[in-house]
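Q: Turn this into a structure:
(chains A and B)
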Amino acid sequence: MIGNVTETLPAEAALPSSPAPAAPTVAATLRRANRSVRWQVLGWLVLALAGLGAPWVISLYQLQLAQQAVVMGLLALSIGWLLRQTGQLSFGHAAFYGIAGYGTAYVVQHADLPIGLTLLAGIAVGTLAALVVALVTIRTPGIAFAMLTLAIGMLAWVAGGQLHSITRGADGLNVQLEGSLLGKEAVMYGNPVEAWPLVWGVLMISMAVLWALSRSTWGRRLASIRDNEERMRFSGYATYWPRVLAFTVSGLIASVAGTLNLVTTSFISLSALFWSTSGIALIVAVIGGVRSVLGPPLGAVLFVLLQNYLAGSGNHYQAVIGLVLIAVVLIAPGGCVEIAERVYRATLSRLPHRPGGSGTATAPTRGERRAAAR
Amino acid sequence: MFVQVLNGLAFGVLLLVLSSGLALIFGLRGVVNFAHGAIYMLAAYVAFSISDRTSFWVALLTVPVLLAAAGLLVDRYGLRFLVGRSPLDMVLMTFGITFVVADVVQTVWGTQARTIDPPAALTGSTDLGFATYPTYRLFVIVMGLLVCAGLMAWLKLSRTGLFVRASGDDRVTAGAMGVNVDRVSATVVALGFGLAGLAGVLAGPYLTLSPAMGTEILITTFIVVVVGGLGSIGGPMIAALLIGLVNALATVQAPSLAAYVPYLLMLVVLLLRPQGIAGRRTAL
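A: You can find the predicted model right below:
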């Protein structure tokens, strides 16, 4: 799942590095890559604008669910992006999510700052925590990293339980936000309809930023480090700081999710720090598919729908989500995004009038993906 | 003081049994079994039901066997498909199992805390000369140490043990030399699940049964394995006893810091010696 990410990213499939024997010239492949970028940017714009219209289409309850899905999707996005970019599986992102939430709450209660600065301070605290964790853990390889982040996440949870005077433990903390944020009173964001443009905007911007970062030189270098750290080091590239930075960026997105959650619900409790918060976000990211920035939010939507659907029948969503995860890992390691891609390619190859060249280009890519899956 | 040391030993032995199963599976399948805690919890609850109806001794014998059988199934229909894929895929699969098991336990046994009554022969306390100590905990210590001694003897002396060590060192070469690596791996996964089952049964009368017990001990077991060194069997054994002792002593000497102690120990070890006490595999 990790090893072949670069080859199968839709935008990168046509880059010179991919072994596509049908590619005629470098110029043609570059042109195709540019066209693909244009389509992706266009798709993003359409999605962003269409999403803003959600309050007019769906009911208030559904909008509430959508808001939950966005917050979870952001957290999943941070974990999924890290997994895709560095190949590292973090079970500890709930720590940054929770620390940002509690940090914001603490600043609200103890300092008299304008609301914008308060939120920034909260996010900064979470990001700083991510930086510190990254400095210590980033060098540990593969599985040990997953175990370490899980332990550090639980350390944050234990500490949260001990600092009862700040966190109020399992009872939770009600926070009254004051002041005006983006032209609205902060209290108004308790209403999903009022909050939706902010919530949706944050998600879309985060997706765009992470997408752009993946395509930057730095993002490509990260992918190379993921594939062969030793070789990159021997080639004279730094491998420590880029990864520390990647983890910090990922922690930043998780912190944004935590603060956004606080703004929209005005409530935070210790369960935000518990390992299952990161665990579920990770599952959601994998089910959605980490290869694309669309995957984790998509997975979050599916999860919230599923949870809501199963809530009536004895709440067995844990077992269902666990089984879905097992099935996805065994059958389609790329998650929903991979399934959608397969369906898309299958339809494309069955169309009678396909655009010149693309039919021959997809055939080897499919074979390659099959081979990689074995 | 002696009582504290014994308490530490009792908890350490529990970690010992759990972490050796985890380390064995890691050595052979290259996967850290995130379902280990859930299996331990499932074992404790199944033991609760069995010892309620028959006796504790029956549970002690049957539960590890049952879970070993479950381990065989997981290996045959799950892990074996994922050989050659990224180890993280296996981690995710065992993570999925955790959620399924947690749901099953909550559905069947509910969320309230439960305890298993120790058998009549092991109730009460024993006078050791320097201190009186609960008999059941002494039984846990003796039992755990015996099992680990047996495990070590099996690994070092038997032919299968030799195959296990060989396959853990180099899967491909062992296969080329005629070792049926898949069969060895299945044995080891079953053994690991069985050991987790044994730990669950042993923990039943001594700790409280709750749906959170699996995660709590899983984290501590991870710390043990990281401190002991991934890929080693002996390292985690030492680390398990060490963490058990430090935990018990810290609970008495510095109660407010006790919850942090295992984490701090892990951080110190990782900063000074990233591969752990006896780890040999750093690159994965």
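
Q: can we go C-alpha only for contacts and neighbour counts from here?
A: Will do.

Q: Do a quick rundown of the helices in the stretch 51-200 of chain A.
A: Taking DSSP state H, counting those that start in this stretch, the helices of the stretch 51-200 of chain A run over residues A:54-57, A:60-86, A:93-110, A:115-137, A:142-162, A:164-167, A:192-215.

Q: Tabulate those (a markdown table), appending mean neighbour count, distance to chain B and mean pLDDT.
A: Formatted as a markdown table, these follow (neighbours: other Cα atoms under 10 Å in any protein chain shown; distance: least, Cα to the nearest Cα, whole Å; pLDDT from 0 to 100):
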| stretch | mean neighbour count | distance to chain B | mean pLDDT |
| --- | --- | --- | --- |
| helix A:54-57 | 13 | 33 | 83 |
| helix A:60-86 | 25 | 10 | 91 |
| helix A:93-110 | 27 | 15 | 91 |
| helix A:115-137 | 21 | 8 | 91 |
| helix A:142-162 | 22 | 6 | 84 |
| helix A:164-167 | 14 | 13 | 79 |
| helix A:192-215 | 18 | 21 | 90 |
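
Q: Mind listing what's buried along stretch A:41-48?
A: Within stretch A:41-48, the residues that count as buried by 16 or more other Cα atoms under 10 Å in any protein chain shown are A:44, A:48.

Q: contacts for it?
A: A:200-201, A:204, A:208 (Cα atoms under 8 Å, 6 or more residues apart in numbering or on different chains).

Q: cool, stretch B:4-20 as well?
A: The contact list for stretch B:4-20, computed with Cα under 8 Å, 6+ apart, reads B:36, B:137-138, B:140-141, B:144-145, B:147-148, B:192, B:195-196, B:198-199, B:202-203, B:217, B:220-222, B:224-225, B:233, B:236-237, B:240-249, B:252.

Q: next one: stretch A:93-103
A: Stretch A:93-103 is contacted by residues A:75, A:79, A:121-127, A:129-130, A:149, A:152-154, A:156-157, A:167, A:251-252, A:254-259, A:261-262, A:268, A:270, A:272-275, A:277-278 when judged by Cα under 8 Å, 6+ apart.

Q: got the contact list for residue B:271?
A: Contacts here follow Cα under 8 Å, 6+ apart; on that basis residue B:271 touches residue A:136.

Q: Can you name the element that comes right after the one helix or strand residue B:152 maps to?
A: Secondary structure from DSSP states H and E places residue B:152 in helix B:135-157. Next helix or strand after helix B:135-157 toward the C-terminus (DSSP H and E): helix B:159-169.

Q: Give me the buried positions along that next one.
A: Under the neighbour-count criterion of 16+ other Cα under 10 Å, helix B:159-169 has B:160-161, B:163-168 buried.

Q: In a markdown table, list those residues along with pLDDT and distance to residue B:43.
A: A markdown table is the format used below for these (pLDDT from 0 to 100; distance: Cα to Cα, whole Å):
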| residue | pLDDT | distance to residue B:43 |
| --- | --- | --- |
| B:160 | 88 | 26 |
| B:161 | 88 | 25 |
| B:163 | 88 | 28 |
| B:164 | 86 | 25 |
| B:165 | 85 | 27 |
| B:166 | 85 | 30 |
| B:167 | 84 | 28 |
| B:168 | 80 | 27 |
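
Q: just checking: which of the contacts of stretch B:4-20 also lie near chain A?
A: The subset of the contacts of stretch B:4-20 within reach of chain A, by Cα under 8 Å from any Cα of the partner chain, is residue B:222.

Q: Show me the contacts of stretch B:4-20 that map onto strands.
A: Among these, no member falls in strands (DSSP state E).

Q: Now which of the contacts of stretch B:4-20 would you call buried?
A: The buried subset of these - by 16+ other Cα under 10 Å - is B:36, B:137-138, B:140-141, B:144-145, B:147-148, B:192, B:195-196, B:198-199, B:202-203, B:217, B:220-222, B:224-225, B:233, B:236-237, B:240-249.

Q: what residues does chain B put near chain A?
A: So chain B meets chain A at B:31-32, B:78, B:81-82, B:84-89, B:91-104, B:219, B:222-223, B:226, B:230, B:259-260, B:263, B:271, B:274, B:282-284 (Cα under 8 Å from any Cα).

Q: In ChimeraX, how would I select just the buried ones from those?
A: To isolate the buried subset of those in ChimeraX, counting by 16+ other Cα under 10 Å, use the following:
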select /B:31,32,78,82,85,86,87,88,89,91,92,93,94,95,96,97,98,99,100,101,102,103,104,219,222,223,226,230,259,260,263,274,282
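
Q: Out of the residues of chain B next to chain A, name the ones that lie in helices.
A: In helices, defined here by DSSP state H, the members of the residues of chain B next to chain A are B:87-89, B:91-104, B:219, B:222-223, B:226, B:263, B:271.

Q: Just give the closest residue to the residue nearest the centre of chain A, not the sequence neighbours.
A: For chain A, residue A:77 is the residue whose C-alpha lies nearest the centre (Cα atoms, centre = their mean; 0.4 Å). Sequence neighbours aside, residue A:296 is the residue nearest to residue A:77 in space, at 5.1 Å (criterion: Cα to Cα, 6 or more residues apart in numbering or on different chains).

Q: Now residue B:231. Its backbone dihedrals?
A: phi 90, psi 0 (degrees, to the nearest 10).

Q: Look at it and report its pLDDT.
A: Model confidence at residue B:231, expressed as pLDDT, equals 74.

Q: for residue A:359, same thing?
A: Looking at residue A:359, its pLDDT is 43.

Q: Same check on residue A:368?
A: Looking at residue A:368, the pLDDT reads 47.

Q: How about the one 4 residues further on?
A: pLDDT, the model's per-residue confidence, is 47 for residue A:372.

Q: Leaving aside the residues adjacent along the chain, what's closest to residue A:193?
A: Distances taken as Cα to Cα, 6+ apart put residue A:55 closest to residue A:193, at 6.0 Å, once the chain neighbours are dropped.

Q: cool, residue A:153 as well?
A: residue A:92 is the one closest to residue A:153 (Cα to Cα, 6+ apart), at 4.2 Å.

Q: related to what we said a few turns ago, quick check: the gap between the residue nearest to residue A:193 and residue A:297.
A: Going from residue A:55 to residue A:297 by Cα to Cα, to the nearest Å gives 18 Å.

Q: Repeat that for residue A:98.
A: Distance of residue A:98 to residue A:297, given as Cα to Cα: 19 Å.

Q: And residue A:337, by the same measure?
A: Distance from residue A:337 to residue A:297, counting by Cα to Cα: 11 Å.

Q: so what's in contact with those two at the same time?
A: Common neighbours of residue A:337 and residue A:297 are listed as residue A:288 (criterion: Cα under 8 Å, 6+ apart).

Q: These two: which is more packed in?
A: Comparing residue A:337 with residue A:297 by other Cα atoms under 10 Å in any protein chain shown, the one with more neighbours is residue A:297, at 28 against 24.
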